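Asker: give the three-dimensional model of this entry:
(chains A, B, C and D)
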Number of protein chains: 2
Amino acid sequence: MSAKPETPRQTTIYDIARQVGLSASTVSAVLNGNWKSRRISEKTAERIRLVADRQGFALNQQARALRRQRSNLIGMIMPKYDNRYFSSIAEQFEHRARIRGLFPIITCTSRDPELELQAARTLLSYKVDCVIATGATNPDLISDICRASGVLNYNLDLPGSRAPSVISDNYGGALVLTSRVLAACAAEAGRPEPLAFIGGRSTDHNTLERLRAFRDAHAQAGIAPREDMILTTGYAAERAEQAVTQLAAAMPTLPAGIFVNSTSALEGVMRWLRSHHPEATIPHIGSFDWDPFAALIDSRILMARQDVETMLDILFDMMAERAQDRHCTEVPVRQITAASED
Amino acid sequence: MSAKPETPRQTTIYDIARQVGLSASTVSAVLNGNWKSRRISEKTAERIRLVADRQGFALNQQARALRRQRSNLIGMIMPKYDNRYFSSIAEQFEHRARIRGLFPIITCTSRDPELELQAARTLLSYKVDCVIATGATNPDLISDICRASGVLNYNLDLPGSRAPSVISDNYGGALVLTSRVLAACAAEAGRPEPLAFIGGRSTDHNTLERLRAFRDAHAQAGIAPREDMILTTGYAAERAEQAVTQLAAAMPTLPAGIFVNSTSALEGVMRWLRSHHPEATIPHIGSFDWDPFAALIDSRILMARQDVETMLDILFDMMAERAQDRHCTEVPVRQITAASED
DNA sequence: CAAGCATGCACCATCGGTTGTGCAATGCGG
DNA sequence: CCGCATTGCACAACCGATGGTGCATGCTTG
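Answerer: Coordinates of the predicted model:
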């Protein structure tokens, strides 16, 4: 009648202990599995498990973590969810974490360096056992605060100098991709022509490596890249769209081919092409990053798909052995051509 | 020399207390802001803040949550990250949570009902203050376990009967979308023709509502839908691809138009079309859910974009006032046509 | 000058688990 | 029947922060 239906607080091991007439430590031992080593009888264990199940008991992980100095939480900092590269990283990360009995916390910082730091601090506040910085603008800062707290730290996608890193072979992938686009253009025009490069930041490792490959591929094709067509205006679609506008204004005709650095940038490039030349054939495009729909837009779009599975396998292996050497592992990309799958 | 560089444990309020020669409770009061009500002097507060900053002190949120019975964690269960609808929900959710001083935890369950439940239980174990079930296959089960723990709970995208829900106006959106596709087909063929319906689950509310609108739109166009062309084979791209294969095998020619239920299904449909009829004009397609690249594939693709911003605004408003009434709020979708933006 | 009040902080129980240790009861051999 | 080992569990300290309460000290007021 007047039982207070307020917030029906979660039952604790003390509640269970009272009900079975045993001590909380016994209940704890049974529920976390080390009851055999504490010489709790099978009969007692069974009785406790029964009551716990009946109550839908859920152990308070905060309390557990507080005492154990180990949270089983594993944090990932990630720039965006809105493209297939990062979203597959997120999904695979969660899947692998769960398999290993860890609880994944992913936090998305919209490429905001300030937010990245704040997110790292918050993760540490919640006492995650490990912080993985994915595509972080300043991974070393994150490494520093992790080190100060004694928390394991790895970099993914973009390398850092203060923690082990797992990234794609950006040079290798971009070299093949650029060469393929150059070849397609040459086949069409009868002679090689320099490509444009759109998207990314000229400050990040990946863009630099892809640019290096871009230039080398041009050299291998026997032509010089045109520096005025290299526009690393960031990853946002809007900025890429502006870059194409700028490109179109500066020259009589669009380049025969474009290296597009990320699918976000590709979004902007395609938007521009569709709105300004809806009927024209588009330039040959090499996109560093894959999207299933982009593949279907036009057979002139080539895409390099990064090997997320392998990267995460390596990452989790390093975590398992608590690797600390500041080494950068490069994983080859898998090449994708237009409209082909997987 | 022999200072142990093991794990440089995070500093606690006790460490700081010792350094400034004050009690831990004073440090706590200063650092969590209620020091004025505890009549701590400005001078003392300043001294403590200085030391805390210098040490890079990060409060242990687990301990805090344990004591406060309030974690400031807010959990979201979500099927997938790999499409623009869910990924924008995730990003917006995180953004709004942070603005409100909450720490968002999103966990992705790959549309696995078993995983959903397990995820809910885990979130409760970590004592989240609120659980939001997005697109859950069985939201009511989640509501039950949340209720048992006295934790606030809301449904997003798919409605439940045991917690407040915020969803799209699936009927309204699908009615307009279907009508537009029907009209496009009629304009081309000279007479209205029934559309195919591909994707989704005939067990979930959204699919049922969209199907109801699908039928009503046919009725309004003066034709009967063909039941044998309604294939709710799930959301996975592979299943949708199989559905089209089945459709193509069963009839001499493809339908003039297709209602595609989700961008995942659209992926499968487009894959089939490209691999089986690479050069043919594709059917008119109405996709319930938006993707920027899909919009560029063909002007015959129409897309309904759900109003994620408004849905989340409503959701957070309800959370703020701790609304409990099991009401379902429907938010109109924004209509999108081919290649147009935002 | 005593009573009264404000100031500034310390003490301590508490949140829900974990784990080292202690102790009674039982079993067993001699 | 006694000593000793084993079995089966309880006790209590602890993890790090919070907040109610209490106690000096200094200042004001009659």
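
Asker: the helix or strand hosting A:A29 packs against which elements?
Answerer: According to DSSP states H and E, A:A29 maps onto helix A:24-31. With contacts defined as 3 or more Cβ pairs under 8 Å, 6 or more residues apart in numbering or on different chains; DSSP states H and E, the packing partners of helix A:24-31 are helix A:13-20, helix A:42-55. In short, each C-beta sits where N, CA and C put it, glycine included.

Asker: show me the one of these that comes nearest DNA strand C.
Answerer: helix A:13-20 (3.5 Å; Cβ to the nearest atom of the strand).

Asker: and the angle for that closest one with helix A:24-31?
Answerer: 100 degrees (axes from the mean of the first three to the mean of the last three Cα atoms, to 10 degrees).

Asker: show me what helix A:13-20 is in contact with.
Answerer: Applying Cβ atoms under 8 Å, 6 or more residues apart in numbering or on different chains, the contact partners of helix A:13-20 are A:23-24, A:26-28, A:31, A:47-48, A:51-52, A:55, A:57, A:59.

Asker: what residues sit buried inside it?
Answerer: A:13, A:15-17, A:19-20 (16 or more other Cβ atoms under 10 Å in any protein chain shown).

Asker: how about it as PDB, C-alpha atoms only?
Answerer: Only the C-alpha atoms of helix A:13-20 are listed here, as PDB (Å, rounded to 0.1, in the frame of the first residue of the first chain):
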ATOM      1  CA  ILE A  13      25.300  -8.000  -2.800                       C
ATOM      2  CA  TYR A  14      24.200  -6.900   0.700                       C
ATOM      3  CA  ASP A  15      20.500  -7.400  -0.200                       C
ATOM      4  CA  ILE A  16      21.300 -10.800  -1.500                       C
ATOM      5  CA  ALA A  17      23.400 -11.700   1.500                       C
ATOM      6  CA  ARG A  18      20.600 -10.800   3.900                       C
ATOM      7  CA  GLN A  19      18.100 -12.900   1.900                       C
ATOM      8  CA  VAL A  20      20.200 -16.000   2.000                       C
END
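
Asker: contact partners of the lengthiest helix in chain A?
Answerer: When chain A is parsed with DSSP state H, its longest helix is helix A:170-189. With Cβ under 8 Å, 6+ apart as the test, helix A:170-189 has contacts from A:192-193, A:195, A:205-206, A:209-214, A:216-218, A:220-221, A:223, A:256-259, A:283-286, A:288, A:300, A:302, A:304, A:306, A:330, A:332-333, A:335, A:337.

Asker: of these, just the buried ones, PyMOL syntax please.
Answerer: With 16+ other Cβ under 10 Å as the criterion, this PyMOL line picks the buried residues out of those:
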select buried, chain A and resi 192+193+195+205+206+209+210+211+213+214+216+217+218+221+223+256+257+258+259+283+284+285+286+288+300+302+304+306+330+333
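
Asker: show me the contacts of helix A:170-189 that map onto helices.
Answerer: Short answer: those in helices (DSSP H) are A:205-206, A:209-214, A:216-218, A:220.

Asker: give me phi/psi at A:A256?
Answerer: When quoted as degrees, to the nearest 10, the phi and psi of A:A256 stand at phi -70, psi -30.

Asker: pull up the per-residue confidence for it.
Answerer: Note for A:A256: predicted pLDDT of 94.
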